[in-house]
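need coordinates for the below:
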Amino acid sequence: MTAFSLLLYILGCSAIVIGFSGSILPVLPGPPLIWVGALLWAWGNGFEKVGWPTLIVLGALAVGAMGLNTVLTTTMSRRAGVSWRAIGGALLGALVGAIVLSTIPVIGTLIGALAGAVAGMWVIEFYVRQDSRAATNAVRAYLSGATLSAVTQFVIASLMVSIFVWQAFF
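Prediction:
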């Protein structure tokens with residue numbers, strides 16, 4: 001094994017672990033990182049154990065997970081009448097919250113992103129509608145979509161890691 005192959009193995013395994021964590025932690029793009037990790041690992045192995053057919057399946061799952069994430073959070077929010085401005089407020093709030101609480105490693109960033117998204121959406125929705133009940137309902141719909149998306153991301157990431165492990169080690 002060459003030093004370059006060892007480096008690819010290490011980078012690949014690291015990306016897979018971080019990607020799987022990203023399926024639980026909403027600030028990391030889990031399935032795409034799992035795919036990148038599988039690609040790096042396969043390259044280090046000369047594509048002998050994990051080949052292009054497996055990488056294509058993993059890539060399709062990663063793209064599907066990203067699409068479902070967008071559809072679930074956005075569609076559920078829009079069905080509840082959440083404005084595009086409020087969704088933008090949630091994104092901006094998540095970014096600000098993650099930055100503000102990033103001094104607390106990992107958990108601070110997550111809590112900050114979630115609290116910021118909720119606050120950003122609620123403030124914008126309240127500003128637009130001048131109705132606290134409508135703003136609260138918007139936040140509930142957003143959180144329902146985000147929760148469903150997180151569960152879906154975790155299931156797809158688990159499937160991706162299982163396929164990779166099966167192909168790489170069995």
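
dihedrals phi and psi, the residue nearest the centre of the chain?
The chain has residue 29 as the residue nearest its centroid, 4.0 Å off, counting by Cα atoms, centre = their mean. Dihedral pair for residue 29: phi -80, psi 80, per degrees, to the nearest 10.

and it, what does it touch?
Residues in contact with residue 29 (Cβ atoms under 8 Å, 6 or more residues apart in numbering) are 19, 22, 66. Just so you know, the C-beta spots here come from the backbone N, C-alpha and C atoms, and that holds for glycine as well.

what lies in contact with the strand or helix carrying the second one?
Read it as residue 22. Here residue 22 sits within helix 3-24, counting by DSSP states H and E. For helix 3-24, contacts defined as Cβ under 8 Å, 6+ apart pick out 28-46, 150, 153-154, 156-158, 161, 164.

swap the cut-off to 7 Å and go again
Contact with helix 3-24 is made by 28-31, 33-34, 36-38, 40-41, 43-44, 153-154, 157, 161, 164, as judged by Cβ atoms under 7 Å, 6 or more residues apart in numbering.

please apply the same query to stretch 43-54.
Against stretch 43-54 from outside (Cβ under 7 Å, 6+ apart): 5, 8, 9, 12, 38, 41, 42, 163, 164, 167, 168.

again, but for stretch 119-131
Looking at what lies outside stretch 119-131 - Cβ under 7 Å, 6+ apart - the contacts are 82-83, 85-86, 89-90, 92-94, 132, 134-135, 138-139, 142.

and the lengthiest helix in the chain, what does it pack onto?
Longest helix in the chain, counting residues (DSSP state H): helix 132-169. If you count contacts as 3 or more Cβ pairs under 7 Å, 6 or more residues apart in numbering; DSSP states H and E, helix 132-169 packs onto helix 3-24, helix 30-44, helix 52-79, helix 107-129.

and that helix, average pLDDT?
Over the span of helix 132-169, the pLDDT mean works out to 91.

for this structure, which residues score under the pLDDT cut-off?
Counting by pLDDT under 70, the ranges of the chain that qualify are 26-27.

kindly recompute the last result at 80.
For the chain, the stretches flagged by pLDDT under 80 are 1, 24-28, 73-74, 76-81, 106.

chain center to stretch 79-96: distance?
17 Å (Cα atoms, centre = their mean, to the nearest Å).

no wait, stretch 5-17
On Cα atoms, centre = their mean, the centre of stretch 5-17 falls 20 Å from the chain's centre.

ok, stretch 78-95 next?
17 Å.

please point out which parts of that stretch sit buried.
80, 82, 83, 86, 87, 89, 90, 93, 94, 95 (16 or more other Cβ atoms under 10 Å).
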